[in-house]
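Novice: Here is the input, now give the coordinates:
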Amino acid sequence: MDEYFSTCNDTFNDSYQPNEWLDFAVNYLCSTGWTEEFKLERLAEYSNKPIEDFYKFYRDFNHLLEDLLRYYHQRHHRYYLEMLQKSEGSVRDKLLLSFTRFINRNDIEFEIAMRNWARAKDDIHLFLKRLDKQKINCLTKVFVQDGFTEEDAESRASLIYWSYIGKLEHIRINTSKEKKMENFLRILDILVRKFDE
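Specialist: Residues are numbered from 1 along each chain as shown. As a prediction, this is how the structure comes out:
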């Protein structure tokens, strides 16, 4: 597994750019949720491109799957961590800035697709599990810097992260952007509050 994901290191590369077939794949998976088997033939049909054109960019279909992991790692995971670490202000400001990016863009659809892929593949599940842990650790540090104890910070970080992940499908289907923000802010305002002993 380490070899398979070796290109997903822990460095954010802001120059990382997807090629057109990776763009097709991301858009296709966002539209289907990865709830059906993902095949090159279906991707070619979706993109209205001949399959021969695919091999100008990738040696085989597994190579594209590896690139999808790189894309997720760079454009979703690492970017999120960088935003969280570089943002300034209160803990509420930092969390709001980081999560707003996902709420206001189509990142929710791709996150859902990746989670559906992970349900079918153990190695992808372990890959996402490792990245989830990194995000929670980063969130924990933000709470600690704001004066929470390590234990309290980790509990709040886990609650806000898994609350967001657990509601992905619901907010994608049933909620406008305004409602998504309202729902997120309600949870956020509870979790950043310091309660009296």
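Novice: top helix in the chain by residue count?
Specialist: helix 122-145 (DSSP state H).
Novice: just checking, what packs against that one?
Specialist: If contacts are counted by 3 or more C-beta pairs under 8 Å, 6 or more residues apart in numbering; DSSP states H and E, helix 122-145 sits against helix 79-86, helix 91-104, helix 107-120, helix 150-166. The way it works is simple: take the backbone N, C-alpha and C, and place the C-beta from them, glycine included.
Novice: among those, which is nearest residue 142?
Specialist: Across the helices and strands packed on helix 122-145, the minimum distance to residue 142, taken as C-beta to C-beta, is reached by helix 91-104, at 5.4 Å.
Novice: Against which helices or strands is that closest one packed?
Specialist: Using 3+ C-beta pairs under 8 Å, 6+ apart as the contact criterion, the elements in contact with helix 91-104 are helix 79-86, helix 107-120, helix 122-145, helix 150-166, helix 177-191.
Novice: Out of these, indicate the one that is most buried.
Specialist: Compared across these, helix 107-120 shows the largest average neighbour count, a mean of 18 (mean count of other C-beta atoms under 10 Å).
Novice: What is that one packed up against?
Specialist: Going by 3+ C-beta pairs under 8 Å, 6+ apart, helix 107-120 lies up against helix 20-32, helix 91-104, helix 122-145, helix 168-174.
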